[in-house]
Every structure is written in C-alpha cells, then in structure tokens.
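Undergrad: Structure of the sequence below:
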Amino acid sequence: MSTEIKCPNCGHLFEPNDAIRDQVEQELRSKIADWQKKKNEEFQQKMDEEKKKLQESLEGNLRKSIAADYETQLKMAEQNNKDYEEKLQQARKQQLEFLKKEQELKNKEAELELSVQQQLQKEREKLSVEIRKLEEQRMSAKETEFQLQLKELQKQLDDQKKLAEEMRRKAEQGSMQTQGEVQELLLEELLKTAFPFDLVSEVGKGVRGADCIQTVRNNFGQECGRIIFESKRTKDFANDWIEKLKADMRSQGADVAVIVTQALPRDMDRFGEKDGVWICSFAEVKPVVQMIRYGIINVANAARSQENKGDKMHLLYKYLTSREFADQWSAIREGFMSMKLSIQKERDAMEKLWKAREKQLEKVMINATGIRGSIEGISGTEVDLNLLGDGTDDLVLD
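TA: Predicted coordinates:
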C-alpha cells in the first residue's frame, strides 16, 4: 500500500519516514486536543449561557407564577370570606327561624296536651258511666242467675224427694238399684211428669238393651206410637248399644228408639240421630221426646184419616211404606251383608290355605321325583314311589 503524502503547498508527493510520521501524528494529536479543548470550552460557555438564560427564565416564570398564585389565593380568600359572611348571616337567620318554629311547636304541644287532657277527662267520665251501667247489668244478671239457681235447687230438691220416695218404694218391692238404675228411675219419673197423657212402662228384665217404653197418646187417649228408651250412665259411649236397641225396638214393636247417655259419641257434641237411633243427654230428653211425639202423633192422625178407604193394594202399599217393613228389611239386609262378608272372609282364608298347601305339595313331589330318579340311576331299574298310589308315574297339579 502506498504511504505517499502530498504537500499542501507544492503538491509534491513524498513518502514519509517514521520520524516524520511521528512528528505529524504528534502535531495532529496536539491540534486535535486544542480543537477539542476549544470546542469543549465553547460548549461549556454556551451551556453556561443557556443555563443562565434558563435559570433567569425559570426565576421569572416562578415569580410570575407565585405572584399569580398569591393574587388568586388572595381573591379566593376574599371570596371565601364573603361567602362565609353570607353563610353566617343565613345561619343566623335560620337559627332565628328555628327558634321561632321551636317556640311555635312548644305552644302547639302545650295546646295539644291541654286538648288531650280534656279529651281524656271526657273519656274517663264516659267510661265511668259505662262501667256503672255494666256493673248494674252484672248485678242484675247475678241476681237473675241467683234466682234461677235457687229455683233449680228447689226443683232438684223436689226431684230428689220424689226420687227418694221412688227408690224407697222400689227397695220395699225388693229390687236392687245401681248407679245406672237411678238414672232409669229419674228418666221414668221425668217422662211421666212431662207427658201425663202417655203410658210409661218398664221393659221386662229379660230384654237386654232397653229400660222403658213410652206409649204415645193424643188428647183423646188414642195410641199413636211407641218410643223405646235405653239409659246409660258411663264414661264412654259404645257403638254396639245402637244395634242392640234397634233389635229391641223391632222385637217390642216400637216406632222410635232413644239412647239417654252421659257420654255422647265422639262425632256428636249434642243430641241427634245416628244409624236410625236418637241419642241425647239427660238434660235434652224432654225437648227431644216432645219433637218425636209431635211427629208420631201427626203420622198417626194422617194414617187414621185414611182408614177404611182402600183395598188390599192400599194395605200392601201401607205395609211396604211402614216403619215395620223398613225395620224388618233393614234387619234382613244387615243379616245378609253380615253373612256375605263372613262367607267372603272364609273363602279368602280357604283360598290362601289351599295356595299354601299346593306350594307345599308341589315341593314334596319335586323332591320325591328327584329321589326316584337318583334311585333308578343307581339301581338301573324302575321303582314305584308314587305318592298317590294309583299306579301313575307322573303327577299333575291343576
């Protein structure tokens, strides 16, 4: 590579040697260092100037900003002071209005309290008058109740005297009285006293489920019908009383059956009809019998008005529509249903027994067949193990 150097003045080319090269490099380095130092100084001077200008600019802007902020804060303070004064005035005004309203409210409360006290005084006076009226009514009711209790006690005393006389009479006749028979005697005495036209008689001791029979008569002494009574004085009601009394009613030829009991059925809280039998307490006997007598007398009067006015068909119709036919048919129907139910129960039981025995027999025959097969397989000959003994080999179950 050529290292010739051209002279800047004459343009002559020459090849430098090492000494010249070192000198040139040293001069170049010196110039470069001077140039770089100069440039650094110029740059540092320029930077100092720029920094000074920037600082002066920042200081000026800062002064302006501080002045503007101070002026703004001053204006805001003045505005706040003005707003505070306005709010203070409004608060004073509102406080004044509040004090006025508070005073008005106190005045209204005082007026309301006075009005309430006056109204309470009027209500107290009115309530006192009503209490006096109620007390007078209560005293009058108590007095009436006392009179009623006195009359009731007097009647009970009379009834007890009659009952004692009747019990004494029965004791003289040698009859044994129990707790239930006391009610029976009282029932007979009540019926005789309340219905003097009727005939009240005891049912024979051989008849179960009935105590007395009342033969209903009208004002002319004509018999219209019969009511059979059963008296019970127990803690619990038994449903079989109804069927027994219905049977006694049919056997005695009575028209209506009544059970007088201390304990009513669970589905009844007062007197009423249940399965064709009237049920009531001892206190309800009189009105219930009055109602039944009224119906019996009306039916009898209607029947008498039709006497001697018909032929056999009329008599047959009368019989078919009578209570006697209805009771007899009811008894037949009840017996039929009872027999049918009994037969059905027996049939169900027998079919169940037959099915069980059939399963057992089938199990026995299967095991017997297995035994016969095992024996024949071992012996090589046929054996007769027929359980039925008819000579057949196979058993068939229908």
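Undergrad: List the residues that contact Ser281.
TA: Val260, Thr261, Gln262, Leu264, Phe271 (C-beta atoms under 8 Å, 6 or more residues apart in numbering). Where you see a C-beta, it was placed from the backbone N, CA and C, and this is true even at glycine.
Undergrad: Which entries within those meet the buried criterion?
TA: Val260, Thr261, Leu264, Phe271 (16 or more other C-beta atoms under 10 Å).
Undergrad: can I get those residues in a markdown table with secondary structure and distance to Glu223?
TA: Output for the buried ones among the contacts of Ser281, formatted as a markdown table (DSSP: H, G, I helix; E, B strand; the rest coil; distance: C-beta to C-beta, whole Å):
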| residue | secondary structure | distance to Glu223 |
| --- | --- | --- |
| Val260 | strand | 23 |
| Thr261 | strand | 27 |
| Leu264 | coil | 31 |
| Phe271 | coil | 25 |
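Undergrad: Format the residues you listed as a markdown table; extra columns: distance to Val285 and pLDDT.
TA: Output for these, formatted as a markdown table (distance: C-beta to C-beta, whole Å; pLDDT from 0 to 100):
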| residue | distance to Val285 | pLDDT |
| --- | --- | --- |
| Val260 | 6 | 90 |
| Thr261 | 11 | 87 |
| Leu264 | 13 | 88 |
| Phe271 | 9 | 85 |
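Undergrad: Now stretch 181-189: buried residues?
TA: Quick answer for stretch 181-189 (16+ other C-beta under 10 Å): Glu181, Gln183, Glu184, Leu185, Leu186, Leu187, Glu188, Glu189.
Undergrad: Touching the helix or strand containing the second one from outside, list them.
TA: Under the criterion DSSP states H and E, the helix or strand holding Gln183 is helix 179-194. Contacting residues not belonging to helix 179-194 are listed as 159, 162-163, 166-167, 170, 177, 198, 200, 202, 211-212, 214, 229, 231-234, 260, 262, 282, 285-286, 289-290 [C-beta under 8 Å, 6+ apart].
Undergrad: Now for the contacts of Ser281: which two are most distant?
TA: Gln262 and Phe271 (13.1 Å; C-beta to C-beta).
Undergrad: Helix or strand with the lowest mean pLDDT in this protein?
TA: Least confident helix or strand of the chain, by mean pLDDT, DSSP states H and E, is helix 312-320 with a mean of 61.
Undergrad: pLDDT on the next helix or strand along the chain from that one, on average?
TA: Sequence order places helix 323-379 as the next helix or strand after helix 312-320, per DSSP H and E. Model confidence over helix 323-379, given as mean pLDDT, is 76.
Undergrad: and what of stretch 94-108?
TA: 83.
Undergrad: tell me which residues in it are buried?
TA: Buried, per 16+ other C-beta under 10 Å, within stretch 94-108: nothing.
Undergrad: and that stretch, C-alpha only, in PDB?
TA: What follows is stretch 94-108, C-alpha atoms only, in PDB (Å, rounded to 0.1, in the frame of the first residue of the first chain):
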ATOM      1  CA  GLN A  94     -82.100  30.100  60.000                       C
ATOM      2  CA  GLN A  95     -81.400  29.900  63.700                       C
ATOM      3  CA  LEU A  96     -83.800  32.700  64.300                       C
ATOM      4  CA  GLU A  97     -86.500  31.000  62.300                       C
ATOM      5  CA  PHE A  98     -85.700  27.700  64.100                       C
ATOM      6  CA  LEU A  99     -86.100  29.400  67.400                       C
ATOM      7  CA  LYS A 100     -89.400  30.800  66.200                       C
ATOM      8  CA  LYS A 101     -90.600  27.400  65.000                       C
ATOM      9  CA  GLU A 102     -89.400  25.800  68.200                       C
ATOM     10  CA  GLN A 103     -91.400  28.200  70.200                       C
ATOM     11  CA  GLU A 104     -94.500  27.700  68.000                       C
ATOM     12  CA  LEU A 105     -94.100  23.900  68.300                       C
ATOM     13  CA  LYS A 106     -93.900  24.200  72.100                       C
ATOM     14  CA  ASN A 107     -97.000  26.300  72.100                       C
ATOM     15  CA  LYS A 108     -98.800  23.700  69.900                       C
END
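Undergrad: packing partners for the helix or strand hosting Lys31?
TA: Lys31 is part of helix 18-172 when elements are defined by DSSP H and E. Packing contacts for helix 18-172, counted by 3 or more C-beta pairs under 8 Å, 6 or more residues apart in numbering; DSSP states H and E, involve helix 179-194.
Undergrad: In a markdown table, list the contacts of Ser281 along with distance to Tyr294.
TA: Formatted as a markdown table, the contacts of Ser281 follow (distance: C-beta to C-beta, whole Å):
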| residue | distance to Tyr294 |
| --- | --- |
| Val260 | 19 |
| Thr261 | 23 |
| Gln262 | 26 |
| Leu264 | 23 |
| Phe271 | 15 |
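Undergrad: What is the nearest of those to Met47?
TA: Of the contacts of Ser281, the one sitting nearest to Met47 (C-beta to C-beta) turns out to be Leu264, at 124.8 Å.
Undergrad: Now do Leu112: how many residues are near it, please.
TA: 10 (other C-beta atoms under 10 Å).
Undergrad: Tell me, how many residues neighbour Ser374?
TA: Ser374: 10 neighbours (other C-beta under 10 Å).
Undergrad: What distance do you get for it to Leu361?
TA: Separation of Ser374 from Leu361 (C-beta to C-beta, to the nearest Å): 20 Å.
Undergrad: can you check Ala247 too?
TA: From Ala247 to Leu361 the distance is 46 Å (C-beta to C-beta).
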